[in-house]
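Structure for the following, please:
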Amino acid sequence: MSDEHKKAVVKTLLGALQASPVAKAVDSKAFIMAVHNSFDAMYANGTIDLDPLWAQLSPQGIDPDVAALFFKFEADLSKIPLKVKAPRALANLPPDQRRKLAGGRPASVAAPAAATPALSDVESQILVMLSTALRACPAGARISTGQLQAVVSSNYKSLFDGQTFKFDPVLEWLLAQPNVNEFDVYPGIVKFNHLLQERGLRMIEPRLKLSSAERAKSLAQAEPEHAKRPASTTTAPSQPNQVAAPTKPDAKKDRKIALLISFIAISLVCGALAFVMRPARPFDIVPLKGVFPIASGELVNGKLFGVLDEPAWKALPPEKKAEAVKALEALLRQSGQLKAGVTIRNGARKWVVFDVKGEKLSVEE
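Predicted structure coming up:
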């Protein structure tokens, strides 16, 4: 969908909201942000699915005013024109009840504005990130985005403390859905954790029964383009361009070359100083520890620097070490960290696992 078309959708939804009694309880700016954040989960193949938006505005059930607002959404969006998929809570209602709700709440029994919860920016972002991550995993087609967001919204305070998200209750709900299993959901969990980390948040990894090999296989199958990428596509680091020797004496040219060399030398010194004084921040290693023995980690300018859990590493037989590295590689590739750079050392600061050409992890002992 083009940006202009997307703006038309947002403008249409906002116009319907502002003309509704619900407008008193929902901040317009928060609503616009919620629509923008939810857009990827709402729009697909020329159809707008209102289920994600419904989960945020009416998580506790069917509110007459909110229901009337969504019927208005359907009518107005159809004029753009767009195909509109009604929220499941409304689509499954008998026609007579739909007609009754379309009129909203009678004025004599109007509920106070506080009855409809205002949207929270953080909560909206959490819901969108979770929906986006799980929709992209193999089990995504079997998960109802609206039901998922309703479950998370109704249990939001117990799931998220403002900094940490507890995924175990969500996993329990997911596994209760038809034909949904840990293997197909795992890539979505990894993706969600990565999205949280990008915003300085963290996730408590759920208790999974998957082995390291199963986790690696799950990630590889969810990202076939990575698993099937031929080795020839891996590009080697570019070598510094060599300056061709001058064929004739040229004082001006030699001077330029000398200045260039001086500039490069100064840049290298500055770069070394910047590395020593580099800004660092903690890295959540909990998901990594599920597949690889890592003791700690930090992000430095986007690159992960970790320290190996040596006793655990040394206790692994050679085939288990190879399996662990393969699982770690798949996990880091899925989250996008592999491309950003990874270096894992032992306590003696010797390279143990390091990023080669941005594509492949190698082990050196």
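
all contacts plus neighbour counts: C-alpha atoms, from now on.
Noted.

okay, and the helix or strand of the chain with the least pLDDT?
Lowest on mean pLDDT, DSSP states H and E among the helices and strands of the chain sits helix 224-227, with a mean of 41.

Beyond the helix or strand that contains R98, next helix or strand please.
For R98, the host element (DSSP states H and E) is helix 95-102. Scanning forward in sequence from helix 95-102 by DSSP H and E, the next helix or strand is helix 121-135.

Tell me the helices and strands packed up against that following helix.
Packed against helix 121-135 by the contact rule (3 or more C-alpha pairs under 8 Å, 6 or more residues apart in numbering; DSSP states H and E) you find helix 28-42, helix 145-154, helix 182-198.

Just send the ones you listed back as TSV, with mean pLDDT and mean neighbour count too.
Output for the helices and strands packed on helix 121-135, formatted as TSV (pLDDT from 0 to 100; neighbours: other C-alpha atoms under 10 Å):
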stretch	mean pLDDT	mean neighbour count
helix 28-42	74	19
helix 145-154	77	21
helix 182-198	91	21
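
Please render these as TSV that adds distance to Q18 to the earlier fields.
As requested, these are exported to TSV (distance: least, C-alpha to C-alpha, whole Å):
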stretch	distance to Q18
helix 28-42	8
helix 145-154	23
helix 182-198	32
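
if you skip the residues just before and after it, what's nearest to the most centrally placed residue in the chain?
Central residue of the chain (C-alpha atoms, centre = their mean): L195, 3.2 Å from the mean position. Of all residues not flanking L195 in the chain, M129 sits nearest, at 6.6 Å (C-alpha to C-alpha, 6 or more residues apart in numbering).

neighbours around that neighbour, how many?
Counted with other C-alpha atoms under 10 Å, residues neighbouring M129 total 21.

Quick check: it vs A324, distance?
28 Å (C-alpha to C-alpha, to the nearest Å).

Ok, F305 next?
Where A324 is concerned, F305 sits at a distance of 18 Å (C-alpha to C-alpha).

just H194 next, same as before
Counting by C-alpha to C-alpha - H194 and A324 are separated by 20 Å.

what do you get for Q18?
As defined by C-alpha to C-alpha, Q18 lies at a distance of 54 Å from A324.

Which one's more surrounded, these two?
Set side by side, Q18 and A324 show more neighbours around A324, with 23 against 15, by other C-alpha under 10 Å.

Could I get the pLDDT score of the more buried one?
Looking at A324, its pLDDT is 82.

So what does it look like in phi/psi?
phi -70, psi -40 (degrees, to the nearest 10).

residue contacts, it?
For A324, the contacting residues are S212, A213, V291, F292, by C-alpha atoms under 8 Å, 6 or more residues apart in numbering.

JSON lines for the residues you listed, including secondary structure, neighbour count and distance to A67?
Shown next, in JSON lines, are the contacts of A324 (DSSP: H, G, I helix; E, B strand; the rest coil; neighbours: other C-alpha atoms under 10 Å; distance: C-alpha to C-alpha, whole Å):
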{"residue": "S212", "secondary structure": "helix", "neighbour count": "20", "distance to A67": "46"}
{"residue": "A213", "secondary structure": "helix", "neighbour count": "15", "distance to A67": "47"}
{"residue": "V291", "secondary structure": "coil", "neighbour count": "24", "distance to A67": "46"}
{"residue": "F292", "secondary structure": "coil", "neighbour count": "23", "distance to A67": "49"}
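
For those residues, point out the one with the lowest pLDDT.
Among the contacts of A324, pLDDT bottoms out at V291, giving 80.

ok, it to E214 distance?
10 Å.

where in the stretch 51-200 of the chain is pLDDT low?
Applying pLDDT under 70 to the stretch 51-200 of the chain picks out residues 56, 58-61, 103-121.

Swap in 80 and give it another go.
Scanning the stretch 51-200 of the chain for pLDDT under 80 picks out 52-65, 80-82, 89, 91-93, 95-122, 124, 145-147, 149-151, 153-154.

Other residues contacting whichever strand or helix holds E4?
Element membership for E4 (DSSP H and E) is helix 3-18. With contacts defined as C-alpha under 8 Å, 6+ apart, helix 3-18 is touched by A23, S28, F31, I32, V35, H36, L69, K72, F73, D76, L77, I80.

What is the distance between it and the centre of its chain?
25 Å (C-alpha atoms, centre = their mean, to the nearest Å).

buried set for that helix?
For helix 3-18, a neighbour-count test (16 or more other C-alpha atoms under 10 Å) marks V9, V10, T12, L13, L14, A16, L17 as buried.

do the same with stretch 312-326
Using 16+ other C-alpha under 10 Å as the test for burial, stretch 312-326 gives W313, K321, E323, A324, V325, K326.

The last one contacts R215, doesn't it?
It stands for K326. No - here K326 does not reach R215: they are 10.0 Å apart, not a contact under C-alpha atoms under 8 Å.

show me what contacts G306?
Contact partners of G306, counting by C-alpha under 8 Å, 6+ apart, are I294, A295, S296, G297, E298, V342, T343, I344, R345.

Sorry, slip of the keys, the one I care about is M129.
Per C-alpha under 8 Å, 6+ apart, neighbours of M129: F192, L195, L196.

will you turn the residues you listed into JSON lines that also has distance to L159?
Listed next are the contacts of M129 as JSON lines, based on distance: C-alpha to C-alpha, whole Å:
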{"residue": "F192", "distance to L159": "14"}
{"residue": "L195", "distance to L159": "16"}
{"residue": "L196", "distance to L159": "14"}
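
All the strands of the stretch 151-300 of the chain, residue numbers only.
In the stretch 151-300 of the chain, the strands defined using DSSP state E, counting those that start in this stretch lie at 164-166, 202-204, 280-282, 294-300.

Most tightly packed of those strands?
strand 202-204 (a mean of 20; mean count of other C-alpha atoms under 10 Å).
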